[in-house]
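Q: Model the structure of this input:
(5 chains, ligands or ions: 4)
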Amino acid sequence: MPNEIIEGILEAIRLIFTFDPEVWGVIEVSFRVSLTSTFLAALVALPIGSFIGLRKFKGKNEITNLINTFMGFPPVVMGLLIYLLLSRNGPFGELGLLYSTSAMIIAQFLLAIPIIMGTAKAAIESVDPILKETVLSLGANERQLWWELIKHSKKSIIAGFLVAFGQAISEVGAVIIVGGNIRWETRTFTTSIVLQTRMGEFGMAIALGVILISITFIVNYGLTRLQARVD
Amino acid sequence: MPNEIIEGILEAIRLIFTFDPEVWGVIEVSFRVSLTSTFLAALVALPIGSFIGLRKFKGKNEITNLINTFMGFPPVVMGLLIYLLLSRNGPFGELGLLYSTSAMIIAQFLLAIPIIMGTAKAAIESVDPILKETVLSLGANERQLWWELIKHSKKSIIAGFLVAFGQAISEVGAVIIVGGNIRWETRTFTTSIVLQTRMGEFGMAIALGVILISITFIVNYGLTRLQARVD
Amino acid sequence: MNLLEIRNIHKEYYKGDKSAIIVLSNINFSVKKGECFIIIGPNGSGKTTLLKLIGLLELPTFGQILYNNKNLINISRKEKVNYRRKFSFVRQKPVVRNTSVFNNIAYGLKVRGMRSIDYQEEVNEIIQFSGLKGMEKKNARSLSGGEMQRVAIAMNFVISPELYLLDEVSANLDSMNLKLLDDFIMRIKQDKEKTIIMSTHDPLEAIKYADRIAVLNNGQITQIGRPNEIFTAPKDEFTALFVGYENILYGLAELDKATGLSQIKINDLIITAASQQEGEVKVCIRPESIGIAKEPPKNTSYRNTFKGFIENIRELGNICHLIVRCQSEKFLITITELSRKNLKLEIDSEVFINFKATDVKIL
Amino acid sequence: MNLLEIRNIHKEYYKGDKSAIIVLSNINFSVKKGECFIIIGPNGSGKTTLLKLIGLLELPTFGQILYNNKNLINISRKEKVNYRRKFSFVRQKPVVRNTSVFNNIAYGLKVRGMRSIDYQEEVNEIIQFSGLKGMEKKNARSLSGGEMQRVAIAMNFVISPELYLLDEVSANLDSMNLKLLDDFIMRIKQDKEKTIIMSTHDPLEAIKYADRIAVLNNGQITQIGRPNEIFTAPKDEFTALFVGYENILYGLAELDKATGLSQIKINDLIITAASQQEGEVKVCIRPESIGIAKEPPKNTSYRNTFKGFIENIRELGNICHLIVRCQSEKFLITITELSRKNLKLEIDSEVFINFKATDVKIL
Amino acid sequence: DYLNAQNPEKITLATTTSTYDSGLLDYLLPKFTEQTGIQIKVLSVGTGTAIQYGKDGNVDVILVHSRSREDDFVNASLGVGGVPYGIYRACVMYNDFIIVGHESNPANLHPGENIITVMTKLRDAIDNGNMTFYSRGDGSGTHSKELALWNLIGVDPETRWKNQPDKYSETGEGMGTTLLITYEDAEAAHEGYTIIDRGTWLSLFEQYTTLKILAESIVGENYLLNPYGVIPINPILYPHVKYVSVCRFVGFLTSPYGQDLIDAYRKNNQVLFHADFGTCDHDTACTTTADEITIWKPYQIEFADLTV
Ligand SMILES: Nc1ncnc2c1ncn2[C@@H]1O[C@H](COP(=O)(O)OP(=O)(O)OP(=O)(O)O)[C@@H](O)[C@H]1O
Ligand SMILES: Nc1ncnc2c1ncn2[C@@H]1O[C@H](COP(=O)(O)OP(=O)(O)OP(=O)(O)O)[C@@H](O)[C@H]1O
Ligand SMILES: [Mg+2]
Ligand SMILES: [Mg+2]
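A: Ligands and ions are numbered 1, 2, ... in the order given. A predicted model of the protein is given here:
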């Protein structure tokens, strides 16, 4: 059946170059949701994760363990929890956020946090302790030390960020529950692919997959160039 | 409605302690599939990823980019591709692997590879080049150098492995397409949760999520202890 | 007043099997403001560990570190940073940050909140001074061992701390760069507000800079005192063996314009030295290079000849140590047993000691 | 036959802005089997880089490195490993692997395929010899600077390579550990199958060990020759300033049982030294500690007194250099201008030179 | 982005995958929006989820096919504090279920056989290991219907074929996927059967060349019929529900215009759904027909002039 694959690739090219409005809408939603959530998660998780890596304290092992566990938090469950919280009869029902990209961002944000946190922590911990001492002895306060170590381990941290982004853009379980896969509004690549698959439109599903991967490649290419620049 | 959450937790406890055979079956399938695929992926991706991190060669940037992109390979698309390959009239249809745990392992194996590869590469690259030189000058050949660097950066590598495992155990898009969520056979935690959600049984879905997270915690705890031991 | 007081410091490390290694025990000493305090000791004696403790980079197992009478153990993180900013710490094996030489050197000022335009000049000055001109933009990681050592020194000196902690800074430096380091240290020593605590395993370096020396052996301080006390009167055999022997004299140098030589007045003695120096100096004469004669030498190149009496004789196999008193000063002289027998030297013998002006080291 | 031949080696590094820094240029020399070849030069002159190139840890920009007439540039990775296994490389700033001292030292043997039971004894022996006994199980990362240096040395010596590459190995070592290193190097030098290429910025170390010395400055070799050629006849001012001056003589030592002193026969001269040594030796006498007299000294502790003629005089401000020929040997002597005037020393004046047996260094 | 004109009102509809995936809603809704300016956001989920979403107040209206649960939904005693989740229900349309299987037909079904015979043959073939029955096993309308059919011959698959997926395989998936699994049929050498609604079948059957209809509803038997109902969420429970707009939507669906549109909808040249508002006589349990007409009539008026 791999003629579906070829068909899919051709269809992908056609969709992109005919500027299919629906496909472009899906691209927009997917990237807006995934990038926003990953960046927001990085804003929260990078400081905390690297801080945990920086300090020694009681219960650190347990926290490490918890982070590792939450790296494998099932997105469907996350979706459900967010659903229950945002549901009309839930505590934040008043906000009316369900079935919006905001809800999707919240879910993916929470899913990305442990991933970015865990990798940042591991990266900071594998920095040479002598560098740490040197920076301290030069008079750096904790925040400045922390920034130094971040800069030092940026390769691994960016790798963590890319994993989180990759997970977000390709995730489907959570976004479909809290976003609802509403056409023109909250439909992403993955939910769209699920729909097409369910409808037996494998060619179209593959086409969307091909587009997604191509765009991800471009985004990564940009990030990699950036990484090389800061090096 | 967070009483569903409390309900779910209570239900989780009940299910575990009454040794519900269906739940235990689901646990077994989930962990067998995720652990097997992650380990197999590590077997392949660790050597290759670390090797890419070790050497300098032309086209390395492009490969890095590709790996980063494939870190965000959408599981649904992977599921579709594997489906097309294993389906009756696909090239490997004769094997009759579709809707079996083998198919699920193949899909998750392929999904885990770029994650483990990318993190291993980043970890190896952030090792102090002086250590590298020292080991080389002591007469290590490339394999031995490689092993040294692996040992040196095991923290980050284990972090990568945990991300991959976490992704595998919580993934649903691919396993549901190639495994089919068949009761008593290929039903995993996540597909089970999806099913419960679709049936509106949010409490039960949460219960399964709670069990999954608890078990993941225990597995991670074991791995962390192991990591401390090898340190 | 004491700037720093170390009270009963102990430090243990734990091996893999949780058994303790005692690295420092019962360390007590104090350092005055403006002093140059040098810790000497063999490899593994605990010098680096002690400096790290003072630099607040590690915690002692127990004991107190008082700085201006404030105990620095158990202070808050924030206070620790404040104190660390009064100190600097040049490591034995320096590491540098993965950035340019300029940024490395500026880092200490930057973390203290100075803005780039404000430190530009200062940093460039120290770059010039440390002979790193032209390398500012190079990544500090790509420097040679000696260059990196210089960066590490510049990095710490630019922040002009109250207390300099220097851990074997001279390792890796060639003779010219040693001169540079010397300039640096001498500059600091002149500033009576600045205090130095320095470790070394090189006794000569200790003599050169120290106001006081502590001898560390096996984690314990075996002797503390002025350089001449330690080098001429080591308390135990270990110290004696380790420091070697030196004649160290304190005097006032005057330059003789006519000859270009220095005349150093040491109580009743006047010593001639080939270096051109003035003011308070420390003079060092190696016991091996002082000759002994029964009669005053004539027509020789020995600028320094003094009459004296043998106060003490120590036999050490084929060589022996003589302690000769020439007026106010005592000299330690090494000669062969053979010479002693030939010259029939005994306690109270009258002798003439000779040494050349070129052999007088002014430190 | 030449073991190693370096032909026209150039090495450039590239800065961030892609501009090249020439670190080594036009390097040519060869090293014979069994030789101890020492590279001296100031910080940043390129010593480490040169050793790294020989150790196959970096590639030259162009040029050839021949080992047993085989060009090591452009060989396969596998062959490179094979050659690296014939070499050892002790770094200037050693790093150790994050494991026990024992495992660090055993590593070189392990990677060569030896089994644990086979190398156990060997490693223990070298641990004993390097004074690391009792620390075997400690993580090597927790060692002090000097201890780590010893581990690095032991680590490389245990593999008994054909060619030792030693980059400023003595930095960080105290006097006792320098003795240990000395034992190590002397052991190797005795084995005529083993070759040493060593870098240092310490001229004395170079004199001590070198069969031949290359002076590296600013990436170029300015002089290659035997230690006495370089130290007594530096070709340019830079070398002269850098190496300082030393009297280096080669002779045959005999121990005089009665006095416990060595008698060293150097062609027609016999020098007495306080050290107890026999066989072929290198003798070093500092120009500052040789005294000059117009008459033969009587009743003094100077064991060595020779009559000679002044061959040459070099004036250097308040001091001057005299070259005095005593029979077959020439001595360089530093005295003050004042002494020279007082003694009315001119070229061809007859003089007596004096130095003490305790002041003769046998290397 | 045709929907985002002058900030119109939006209502949310939760429905089952069969109505959405068949393309029916994409066909109907633009016509409704065109007429009223009201936009409809569609959540295409399982019947269970759709009902749950309704109960949670997260949607304004549901369109589902599980009559007993629909009745519970409008039952005041099963609501919150005596208030039902939905006040009124309307029959909209129906299609029927069919049993499909591979051409080899190991259960030996023949056209025109009544449902008891069909189910008995299937049971025996399963017991003999000749075939695998693929059940959706997801509590969906189709699944409930299937269980009811087994119940006709006194079989409880849950106990009879427990943990025997080679005989009775629960896919836990939607209709499309279950059909796909039946087609792929890895368990038994392409001898799988399943039950499916005709709408889904008609939109998918072309791809599954070896599958064919082996049993369907015969005249006089209602067992295989599949009615869809629409229920607005009770605004008393959830004041944010846009009840008026929802009622206009129900009016649209039940109006002659809406009903004609449903009947006119074709996929692969086949009729997928049959409109049945006010003529719901195929289910004896449907006692509401008369009430429905009275309640929804007023809302149908605005669509009275429209024709397909
Ligand atoms: N990777 C590199 N990139 C750029 N410049 C480098 C690199 N490595 C070394 N250099 C430069 O090459 C020069 C020679 O360095 P090298 O380490 O060989 O000196 P060295 O003679 O060993 O000095 P030292 O006595 O200080 O150890 C130095 O100026 C150094 O800054
Ligand atoms: N983190 C540590 N864990 C265990 N032992 C340690 C640790 N740090 C230092 N030591 C041990 O403490 C002793 C003193 O070390 P220190 O570095 O203070 O010595 P040092 O006097 O500076 O020696 P050197 O002259 O060689 O630099 C050494 O035996 C060393 O092995
Ligand atoms: Mg030290
Ligand atoms: Mg060097």
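Q: hey, where'd the strands end up in the stretch 101-250 of chain E?
A: Secondary structure of the stretch 101-250 of chain E (DSSP state E, counting those that start in this stretch): strands located at E:132-135, E:168-170, E:192-197, E:211-216, E:225-232.
Q: now chain C, which segments are flagged as low pLDDT?
A: Filtered on pLDDT under 70, chain C yields the residue ranges C:15-18.
Q: Can I take it that residue C:51 is in a strand?
A: No - under the criterion used here (DSSP: H, G, I helix; E, B strand; the rest coil), residue C:51 is helix, not part of a strand.
Q: Indicate which one of the strands of the stretch 101-250 of chain E is closest to residue C:88.
A: Relative to residue C:88, the nearest member of the strands of the stretch 101-250 of chain E by Cβ to Cβ is strand E:168-170, separated by 72.3 Å. C-beta here means a position set from N, CA and C on the backbone, and glycine is covered the same way.
Q: Let me know whether the closest one sits next to chain B.
A: Yes - taking Cβ under 8 Å from any Cβ of the partner chain as the criterion, strand E:168-170 and chain B are in contact, through E:169, E:170.
Q: Pairing partners for that strand, with directions?
A: Applying DSSP bridges, strand E:168-170 is found paired with strand E:132-135 (parallel).
Q: what about the partner strand, average pLDDT?
A: Average pLDDT, strand E:132-135: 92.
Q: Need the CA coordinates for it. PDB is fine.
A: What follows is strand E:132-135 as a C-alpha-only set of coordinates in PDB (Å, rounded to 0.1, in the frame of the first residue of the first chain):
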ATOM      1  CA  THR E 132     -13.600 -13.900  14.900                       C
ATOM      2  CA  PHE E 133     -16.300 -11.400  15.800                       C
ATOM      3  CA  TYR E 134     -15.000  -7.800  16.100                       C
ATOM      4  CA  SER E 135     -16.900  -5.800  18.700                       C
END
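Q: Centre of the chain to that strand, how far?
A: Its chain's C-alpha centre and that of strand E:132-135 lie 20 Å apart, by Cα atoms, centre = their mean, to the nearest Å.
Q: ok, and what's touching that strand?
A: With Cβ atoms under 8 Å, 6 or more residues apart in numbering or on different chains as the contact definition, strand E:132-135 has outside contacts at E:122, E:126, E:143, E:146, E:157, E:165-171, E:178, E:181-182, E:185, E:187-188, E:191-195.
Q: Compare the strands of the stretch 101-250 of chain E and give me the one nearest ligand 1.
A: Taking Cβ to the nearest ligand atom as the measure, the strands of the stretch 101-250 of chain E were each checked against ligand 1, and strand E:168-170 came out nearest at 64.4 Å.
Q: Which helix or strand contains residue E:92?
A: Applying DSSP states H and E as the criterion places residue E:92 in strand E:90-102.
Q: for that strand, what is the average pLDDT?
A: Here strand E:90-102 scores 91 as its mean pLDDT.
Q: Using a markdown table, please lay out the strands of the stretch 101-250 of chain E together with distance to residue A:15.
A: Compiled in a markdown table, the strands of the stretch 101-250 of chain E are given as follows (distance: least, Cβ to Cβ, whole Å):
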| stretch | distance to residue A:15 |
| --- | --- |
| strand E:132-135 | 34 |
| strand E:168-170 | 36 |
| strand E:192-197 | 31 |
| strand E:211-216 | 30 |
| strand E:225-232 | 33 |
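Q: would you turn these into JSON lines with mean neighbour count?
A: JSON lines is the format used below for these (neighbours: other Cβ atoms under 10 Å in any protein chain shown):
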{"stretch": "strand E:132-135", "mean neighbour count": "27"}
{"stretch": "strand E:168-170", "mean neighbour count": "25"}
{"stretch": "strand E:192-197", "mean neighbour count": "26"}
{"stretch": "strand E:211-216", "mean neighbour count": "20"}
{"stretch": "strand E:225-232", "mean neighbour count": "24"}
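Q: Including distance to ligand 3, could the ones you listed go into a markdown table?
A: Supplementary listing: the strands of the stretch 101-250 of chain E in a markdown table, determined by distance: least, Cβ to the ion, whole Å:
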| stretch | distance to ligand 3 |
| --- | --- |
| strand E:132-135 | 74 |
| strand E:168-170 | 70 |
| strand E:192-197 | 77 |
| strand E:211-216 | 80 |
| strand E:225-232 | 81 |
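Q: so which of these comes closest to residue C:107?
A: Residue C:107 sits nearest to strand E:168-170 of all the strands of the stretch 101-250 of chain E, at 65.0 Å, using Cβ to Cβ.
Q: Quick one: classify residue C:248 as helix, strand or coil.
A: With three-state DSSP as the criterion, residue C:248 was assigned strand.
Q: Quickly list what it is bridged to.
A: In this structure, residue C:248 has the following beta-bridge partners (DSSP bridges): residue C:284.
Q: so where's chain A uncertain?
A: Counting by pLDDT under 70, the ranges of chain A that qualify are A:1-2, A:227-231.
Q: ok, back up a step: how about the strand holding residue E:92 and chain A, touching?
A: No - taking Cβ under 8 Å from any Cβ as the criterion, strand E:90-102 and chain A are apart, separated by no less than 14.5 Å.
Q: partners of that strand in the sheet?
A: The sheet places strand E:90-102 alongside strand E:192-197 (antiparallel), strand E:211-216 (antiparallel), strand E:225-232 (antiparallel), strand E:274-275 (antiparallel), with pairing taken from DSSP bridges.
Q: send the alpha carbons of the first one over as PDB?
A: Okay, so that is strand E:192-197. This file holds the C-alpha atoms of strand E:192-197, laid out as PDB (Å, rounded to 0.1, in the frame of the first residue of the first chain):
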ATOM      1  CA  GLY E 192     -13.800 -11.700  10.700                       C
ATOM      2  CA  TYR E 193     -17.300 -10.300  11.100                       C
ATOM      3  CA  THR E 194     -18.500  -7.000  12.600                       C
ATOM      4  CA  ILE E 195     -21.600  -5.000  13.000                       C
ATOM      5  CA  ILE E 196     -21.600  -1.500  11.500                       C
ATOM      6  CA  ASP E 197     -24.000   1.300  10.800                       C
END
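Q: could you show me where the helices are in the chain, in order?
A: Unless you meant another one, I'm taking chain A. Using DSSP state H, the helices of chain A run over residues A:3-17, A:21-54, A:60-71, A:75-86, A:101-125, A:129-137, A:142-152, A:154-170, A:173-179, A:189-198, A:202-230.
Q: actually it's chain C I care about, not the one you picked
A: Taking DSSP H as the criterion, chain C carries its helices at C:47-54, C:77-84, C:101-111, C:116-129, C:145-157, C:175-190, C:203-209, C:227-232, C:237-243, C:337-343.
Q: Could you export those helices as a markdown table, including distance to chain A?
A: Compiled in a markdown table, the helices of chain C are given as follows (distance: least, Cβ to the nearest Cβ, whole Å):
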| stretch | distance to chain A |
| --- | --- |
| helix C:47-54 | 7 |
| helix C:77-84 | 4 |
| helix C:101-111 | 4 |
| helix C:116-129 | 13 |
| helix C:145-157 | 7 |
| helix C:175-190 | 17 |
| helix C:203-209 | 21 |
| helix C:227-232 | 27 |
| helix C:237-243 | 28 |
| helix C:337-343 | 50 |
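Q: how about these in a markdown table, adding distance to ligand 1 and mean neighbour count?
A: Compiled in a markdown table, these are given as follows (distance: least, Cβ to the nearest ligand atom, whole Å; neighbours: other Cβ atoms under 10 Å in any protein chain shown):
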| stretch | distance to ligand 1 | mean neighbour count |
| --- | --- | --- |
| helix C:47-54 | 21 | 24 |
| helix C:77-84 | 28 | 16 |
| helix C:101-111 | 9 | 24 |
| helix C:116-129 | 14 | 15 |
| helix C:145-157 | 3 | 25 |
| helix C:175-190 | 8 | 16 |
| helix C:203-209 | 18 | 21 |
| helix C:227-232 | 29 | 22 |
| helix C:237-243 | 27 | 16 |
| helix C:337-343 | 41 | 18 |
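Q: Let me see the contact set for residue E:174.
A: Contacts for residue E:174 were tallied using Cβ under 8 Å, 6+ apart; they are A:198, B:198, E:17, E:46, E:136, E:138, E:140.
Q: So which bits of the stretch 51-200 of chain E are right by chain D?
A: Near chain D, no residue belonging to the stretch 51-200 of chain E is found when assessed by Cβ under 8 Å from any Cβ.
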